[in-house]
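**Q** Based on what follows, work out the 3D shape:
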Amino acid sequence: MYGEKTIFPLWIFRSILGGSAFFVFALTVSAVFVPDLRLLHSFQALIYIIVVLLSRRKNPYGYGAGFFFAVFWDYIFLKGAWPQVWQLIKGAVFTPDIAFQFAAAIANLFIIVACIAGVKKQSPRPGRWRVFLSPGWQRSLISY
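**A** Numbers count the residues shown, from 1 in each chain. Sure thing, here's the model as predicted:
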């Protein structure tokens with residue numbers, strides 16, 4: 001059903017895989033320096049691994065989960081660290097932790113664009129956007 005033979009551009013999966021791999025790497029580095037966050041970052045990494053597996057199957061739930069988790073993380077990061085990010089962009093102040101988190105946010109942007117393109121590229125069956133936008137993606141992550 002979800003893995004039908006539609007020709008997908010290779011950049012979609014590579015963007016999801018690369019963005020997720022960099023984000024998991026960023027979570028690992030963060031867990032090394034802040035041991036209190038290890039459990040949280042382990043579960044976050046697991047989510048991104050599941051997103052990669054589901055998107056590899058061309059599953060709209062995987063695209064939806066990848067989209068929403070990436071948007072959520074970018075929103076949380078940019079809302080909390082916008083003044084530091086702006087200073088980094090202007091070149092006024094360089095802090096390695098903000099620069100690394102900003103790079104992870106950019107990796108999430110690759111995931112966001114690729115997830116939207118993945119759903120858009122699927123065959124035009126009714127309901128694909130409903131599945132992408134539905135809260136059912138939570139259920140798919142739990143039951144995978």
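**Q** mind listing what Trp86 touches?
**A** Going by CB atoms under 8 Å, 6 or more residues apart in numbering, Trp86 touches no other residue. Glycine gets a C-beta too; all of them are placed from N, C-alpha and C.
**Q** Longest helix of this structure, counting residues only.
**A** When the chain is scanned for its longest helix (criterion: DSSP state H), the result is helix 60-90.
**Q** Report the next helix or strand after it in sequence order.
**A** Counting by DSSP states H and E, the next helix or strand C-terminal to helix 60-90 is helix 96-121.
**Q** could you say what helices and strands that following helix packs with?
**A** Helix 96-121 sits against helix 10-33, helix 38-56, helix 60-90, helix 128-133, with contacts defined as 3 or more CB pairs under 8 Å, 6 or more residues apart in numbering; DSSP states H and E.
**Q** Generate a markdown table for those helices, with mean pLDDT and distance to Phe102 as supplementary columns.
**A** Converted to a markdown table, the helices and strands packed on helix 96-121 look like this (pLDDT from 0 to 100; distance: least, CB to CB, whole Å):
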| stretch | mean pLDDT | distance to Phe102 |
| --- | --- | --- |
| helix 10-33 | 92 | 10 |
| helix 38-56 | 92 | 17 |
| helix 60-90 | 86 | 6 |
| helix 128-133 | 66 | 27 |
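**Q** could you dump those helices to JSON lines with distance to Gln101?
**A** Shown next, in JSON lines, are those (distance: least, CB to CB, whole Å):
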{"stretch": "helix 10-33", "distance to Gln101": "7"}
{"stretch": "helix 38-56", "distance to Gln101": "13"}
{"stretch": "helix 60-90", "distance to Gln101": "6"}
{"stretch": "helix 128-133", "distance to Gln101": "27"}
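**Q** Can you say which of these is nearest to Asp97?
**A** Closest approach to Asp97 among the helices and strands packed on helix 96-121 (CB to CB): helix 10-33, 8.1 Å.
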